[in-house]
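S.K.: Let's see this in three dimensions:
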Amino acid sequence: MFIIKKLFIIFGAILALNTYGVSKSQEIEIPRTAYKDIYKYYVLEEGRQATLSTITLRRQSFDTIMYIKAEVNCPSRYIRQVGSSTRSVKDIQGTPNQWYQPTIGTAEFDIVTYVCR
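M.R.: Residues are numbered from 1 along each chain as shown. Predicted structure coming up:
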């Protein structure tokens, strides 16, 4: 009986550690509506302040990787790109673009849909 309790405690500890590690390092792929698009988008960081959400993405194709930081206004469903880099997340620079409402079927529309779920 004592051995079974020890096994459950060890199993629980291993499960808790694995769950903690997965949630910190896992990148989430944004579901796409345009299946013919060659790019896949992965969420690296996500934050929210009131109605404004910030998101850091990795756009990946078969030969290029781009890191993008964007802001999304969920009530109005508007988005703007804050900056981008081809090197790393730390190198993201640029000036924010104008706010715009993405059209249905674009990658930006899928990003807004994911962030405002």
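
S.K.: going forward, measure contacts and count neighbours with C-alpha atoms only.
M.R.: Will do.

S.K.: Let me see the contact set for the spatially most central residue of the chain.
M.R.: Nearest to the mean C-alpha position of the chain, counting by Cα atoms, centre = their mean, stands Val43 at 1.5 Å. Val43 sits next to 27-30, 55-58 when contact means Cα atoms under 8 Å, 6 or more residues apart in numbering.

S.K.: So which of those sit within strands?
M.R.: Among those, the members found in strands (DSSP state E) are 28-29, 55-58.

S.K.: Pull out the buried members of the residues you listed.
M.R.: The neighbour count (16 or more other Cα atoms under 10 Å) marks 55-58 as buried among the ones in strands among the contacts of Val43.

S.K.: Ile65 contacts Arg59, correct?
M.R.: Yes - counting by Cα atoms under 8 Å, Ile65 does reach Arg59; the two are 5.7 Å apart.

S.K.: Glu108 looks like it's in a strand, true?
M.R.: No - under DSSP: H, G, I helix; E, B strand; the rest coil, Glu108 sits outside any strand and is assigned helix.

S.K.: Noted, bye for now.
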